[in-house]
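> sequence first, then the predicted structure:
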Amino acid sequence: MWTMIPSLGHLVHELQRCFTDPSFVSHCQLLLGWVMCSGPHNLYHVAQTIQADTEVFRAGRHPFDRFYNFFSRAAWSAVALGQQLAITTVVRLKIFGPLYLVVDDTLLHKRGKHVFALGWFRDAVASTRKRVATYMVTVG
């Protein structure tokens, strides 16, 4: 098991109010496993990094259910964690003056009266190997 990095520990303990006690332990272990993981940062490799002293056999069932369940069943909210992280970050930066936030809305659902087009589509007839032709289907 890894021990908490002191410089990261201050930030992590300010986020503790977003978790229950068992969820907070899993959160700390997952965060440290993600930082210490030298391979691909998927959940299996991060969990394997957390329990680096234990040999895990791929033929049988792995002992990482607790880490998989952390994201689907644990009692914590990603929204509350994001809000607390934003507040903690702004307070620690000690900003004097206006704070400009850049927001990326590409993952938001866009619907309603202001939709410009139904979509962009690839034109299979007009496209070549070097150039892809597209067309737009508009409303109305």
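Okay, I see it. In this text the structure is predicted, and so the values were computed from the model without any measurement.
> and Gly119, which of the three is it?
Secondary structure state of Gly119, per DSSP: H, G, I helix; E, B strand; the rest coil, is strand.
> what comes up buried for the helix or strand hosting Thr89?
Assigned by DSSP states H and E, Thr89 belongs to helix 78-93. Under the neighbour-count criterion of 16 or more other Cβ atoms under 10 Å, helix 78-93 has Gln84 buried. Backbone N, C-alpha and C define where each C-beta goes, glycine included.
> that helix - what's its average pLDDT?
Taken as a whole, helix 78-93 carries a mean pLDDT of 88.
> show me what it is in contact with.
Helix 78-93 has contacts (Cβ atoms under 8 Å, 6 or more residues apart in numbering) with Leu11, Glu14, Leu15, Arg17, Cys18, Leu99.
> narrow those residues to those in helices?
Among those, DSSP state H puts Leu11, Glu14 in helices.
> and the contacts of helix 78-93, which two are the farthest apart?
Arg17 and Leu99 (22.8 Å; Cβ to Cβ).
> nearest residue to His45 in space, please, no chain neighbours.
Counting by Cβ to Cβ, 6 or more residues apart in numbering, His45 lies nearest to Gly39, which is 4.9 Å off, once chain neighbours are set aside.
> which SS class is that neighbour?
Going by three-state DSSP: Gly39 is coil.
> and for it, the neighbour number?
Gly39 is flanked by 10 other residues according to other Cβ atoms under 10 Å.
> just checking, it touches Ala52?
No - between Gly39 and Ala52 there is no contact under Cβ atoms under 8 Å: 11.6 Å.
> intersection of neighbour lists for the two?
Here Gly39 and Ala52 have no joint contacts, going by Cβ under 8 Å, 6+ apart.
> pLDDT weak spots in this structure?
Confidence mapping of the chain against pLDDT under 70 gives the ranges 1-2, 107-118, 139-140.
> 80 instead, please
Scanning the chain for pLDDT under 80 picks out the ranges 1-2, 52-63, 103-120, 135-140.
> which parts of it are strands?
117-122, 134-138 (DSSP state E).
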